[in-house]
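>>> Generate coordinates for the sequence data below:
(one chain, ligands or ions: 2)
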Amino acid sequence: MFLELYKHGLAYKDKMAINWCPSCKVGLANEEVVGGHCERCGAEVVRKNKEQWMVAITKYADRLINDLDDLDFLERIKTQQINWIGRSEGAELDFGFEGEKLTVFTTRPDTAFGVTYMVLAPEHEFVQKYMSRFENPKEVQAYVEAAAKKSDLERTAGEEKTGVELKGVKAVNPYTNEKIPVFISDYVLTGYGTGAIMAVPAHDARDYAFAKVFNLPMIAVLEGGDISQEAFEGDGVHINSGFLNGLGKEDGIKKAIDYAEQNGFGRAKVNFKLRDWVFSRQRYWGEPIPMVYCEHCGWQPMKEEDLPLELPMVTDFLPNDEGDSPLAKATDWVNTTCPKCGGPARRETDVMPNWAGSSWYFLRYCDPKNDKEFASKEALKYWMNVDWYNGGMEHVTLHLLYSRFWHKFLYDCGFVPTKEPYNKRTAHGMILASNGEKMSKSRGNVVNPDDIVENYGADTFRLYEMFIGPFDQAAMWSDESLMGVFRFASKVYGLFKKVYRNEDVPTSDGDLRAMHKTILDVTERISQMKFNTAVSALMTYVNYLSNMEKIPVEMYETLLKLLSPFAPHLSEEMWARIGHNDSIVYQPWPEGDKKLASDDVVTIAVQINGKMRGTIECAKDADDETVKQAALGLDNVARQVSASGIKKIIVVKNRIVNIVA
Ligand code: ANZ
Ligand code: ZN
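Ligands and ions are numbered 1, 2, ... in the order given. I've put the predicted structure just below:
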């Protein structure tokens, strides 16, 4: 796969500012940095430049958004995908800077007449390139170094804006030809857009905050708002804006871009928050990257017939102090020959990220014994797509995006028959501690499943997790509620002694109704992933059974079958006790009968000469003749009156039958 990516120009090597954990000595992907700290050890993460293999996922950005339309993903999951990709429509504009073009990305080119200064990211190439022209190089360099120590999050979250003016140089606004000051500040990120902005303090809150600190002028170019109070970011009629005056936002943007294009200093541009995928990890565990570096030929892909490249055996799994992968120490493995010229060469020592394997492992399930390809076309056609993928919310941004990208690339190469891997994606809620906080070791509020299993059994634990609340929502752990479920499971066990196997225990309409209603409810609720209410339907049924004196075996067996996905051990045990020799898992799922389950059955009192003689159950609003026949069919009635002795039968709909004898 890596060679395929490389062949298609989607894998390339680049010097990247990476997040570096000085304690783990490891480069971290953005998602492994939590609040500026290493996800694994908690140490503060710094930025460091390192050559990394990159994968051009951004080439697929539009498709990764557009193809969501046809998928049955939870809405919030689609939103996560869309936000992560972060598509922004706007323009690139070239400002003048020391005779060069200083290009910015902006979503509001219509506000160009309100630009009063510019800001470069501290890492912007012009900073070092023109350092000798600044009047304050020491101050500039000190700021650059301080910013390098901060994470993106710290840089953007900082309330108080900081920065340094590049004294002695000015930029030129191409719309007005005015000269404006240029700053560096860490609120401008190096990885986004062009790493430089045109600042419009009157209409952008970040620029506003910066301008306040540095006492910079503001020009309102949109009507509405009060810039003595705050930036006005809304829509309004343009003012102070030359040829844009009088236009609204959308028209203004269009006209500003047209003007820039005609005058050769700008163009429409779609920008994405999504970055190319940093595909290198300086670790031992991971698929080795099948690339070889030769002094003469540069980076060369391994020959396909030499694959797979396997990890060497090592005993030392730590990276070295320069942050090179532990594989760099395995010199026998590293030193190899160039696939092109045959001269001495070195293997890449970085490995792939865990996301590589998790992007497509499931395709192998379609054809696990195939030794020629990862799966045959026929097998893939037969099994794919994954109909339904449920998993935690923590994997609905990156893993989902990477595997969708990977699949699209495989599709483009003709290796898989479908454009998307998963038809349906849902996510379950998180189980929180009893005080509503996230469970974590540091808070000491973690419930250890082993303890629950030890004390109440795996079935209680499993049942409880299903019962705890709506599947897709967060739920709070409750010991009390766990006990309730434990009592329920115990009741199921206890009911066994009332089960009659060999005798014919009559089932009333009410019994049948309770059973079929339970079958139908549980079946439907499972299919809708309403597991908590499926369990409560079982609880209702168990209460019904508890009130019976004798339980017909079929009613109990039905309970066990419905319960077995939730409490497999208990169900299996009781199934065996009934006398079955096979496992309950081979039993077909019970079929509910809607008619028998119907609540539209009424109990009607039967009287003879005004005296209560029994009850019958009839469909609600049944016709009088049916009700009469049912009443006469009662043993008690037949014994006391002969057909000839009946004078009259009075039916009070749905309530009473009175036989006058
Ligand atoms: C001028 C302007 C005027 C802007 C205005 C906004 C409002 P999104 O929607 O996130 O794409 N920007 C561009 N590159 C940046 C960078 N590297 N670091 C920080 N900020 C950056 O936002 C795009 C807007 O974010 C751009 O449009 C730019 O500010 C800023 F009334 O340009 B704007
Ligand atoms: Zn070579």
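>>> buried residues in stretch 300-317?
By 16 or more other C-beta atoms under 10 Å, the buried positions in stretch 300-317 come out as 300-302, 309. For the C-beta atoms, the positions are set from N, CA and C on the backbone; glycine is no exception.
>>> List the contacts of it.
For stretch 300-317, the surrounding residues in contact (C-beta atoms under 8 Å, 6 or more residues apart in numbering) are 3, 6-7, 284-285, 288, 290-294, 326-327, 329-330, 332-333, 338-340, 345, 347, 351.
>>> mind checking pLDDT for the most centrally placed residue in the chain?
By C-alpha atoms, centre = their mean, the chain has its centre lying nearest to residue 396, at 1.7 Å. pLDDT, residue 396: 91.
>>> Report the separation between the residue lying closest to it once chain neighbours are set aside and residue 471.
Among residues not flanking residue 396 along the chain, residue 77 sits closest, at 4.6 Å (C-beta to C-beta, 6 or more residues apart in numbering). Going from residue 77 to residue 471 by C-beta to C-beta, to the nearest Å gives 14 Å.
>>> burial of the residue in the stretch 351-500 of the chain positioned nearest to ligand 1, as a residue count?
Residue of the stretch 351-500 of the chain nearest ligand 1, by C-beta to the nearest ligand atom: residue 397 (17.0 Å). Residues near residue 397, counting by other C-beta atoms under 10 Å, number 16.
>>> Next, the contact list for it, please.
Residue 397 makes contacts with 31, 80-81, 84, as judged by C-beta under 8 Å, 6+ apart.
>>> Mind putting the residues you listed into JSON lines with distance to ligand 2 and pLDDT?
Converted to JSON lines, these look like this (distance: C-beta to the ion, whole Å; pLDDT from 0 to 100):
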{"residue": "31", "distance to ligand 2": "36", "pLDDT": "70"}
{"residue": "80", "distance to ligand 2": "44", "pLDDT": "94"}
{"residue": "81", "distance to ligand 2": "42", "pLDDT": "96"}
{"residue": "84", "distance to ligand 2": "39", "pLDDT": "95"}
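>>> Identify the farthest-apart pair in those residues.
Pairwise distances across those (C-beta to C-beta) peak at 14.2 Å, for the pair 31 and 81.
>>> So which of the two has more stuff around it?
residue 81 (20 against 14).
>>> residues contacting that one?
With the criterion set at C-beta under 8 Å, 6+ apart, residue 81 makes contact with 64-65, 68, 73, 396-397, 400-401, 404.
>>> Among those, which pair sits farthest apart?
It's 65 and 396 that sit farthest apart of the contacts of residue 81, by C-beta to C-beta, at 14.8 Å.
>>> Spell out which parts of this protein neighbour ligand 1.
By C-beta under 6 Å from any ligand atom, the residues of the chain that approach ligand 1 are 88, 105-108, 111, 121, 188-189, 192-193, 195, 197-198, 200, 203-204, 271.
>>> and those, which are buried?
Among these, those buried by neighbour count (16+ other C-beta under 10 Å) are 105-106, 108, 111, 121, 188, 192-193, 195, 197-198, 200, 203-204, 271.
>>> Restricted to strands, list the residues you listed.
Applying DSSP state E to these, the entries found in strands are 105-106, 197-198, 271.
>>> Shouldn't residue 90 be within a helix?
No - counting by DSSP: H, G, I helix; E, B strand; the rest coil, residue 90 is not part of a helix but strand.
>>> so who does the residue lying closest to it once chain neighbours are set aside touch?
Nearest non-adjacent residue to residue 90, counting by C-beta to C-beta, 6+ apart: residue 107, 3.8 Å away. By C-beta under 8 Å, 6+ apart, the contact list for residue 107 reads 88-90.
>>> same question, residue 556
Counting by C-beta under 8 Å, 6+ apart, residue 556 has contacts 495-496, 499, 545, 574, 578.
>>> Just say helix, strand or coil for it.
Under three-state DSSP, residue 556 comes out as helix.
>>> Just the pLDDT at the residue nearest to residue 90, thanks.
Here, the pLDDT recorded for residue 107 equals 96.
>>> Same question for residue 503.
69.
>>> Equivalent analysis for residue 155, please.
Per-residue pLDDT puts residue 155 at 75.
>>> again with residue 438
With respect to pLDDT, residue 438 has a value of 88.
>>> neighbouring contacts of stretch 33-49?
15-24, 27-28, 31-32, 148-151, 153-154, 323.
>>> dump the residue contacts of the residue of the stretch 201-350 of the chain found nearest ligand 1.
Here the residue of the stretch 201-350 of the chain nearest ligand 1 is residue 203; by C-beta to the nearest ligand atom that distance is 3.4 Å. By C-beta under 8 Å, 6+ apart, the contact list for residue 203 reads 108, 111, 114, 220-222, 231-233.
>>> how about a cut-off of 6 Å?
Residues near residue 203 by C-beta atoms under 6 Å, 6 or more residues apart in numbering: 111, 231-233.
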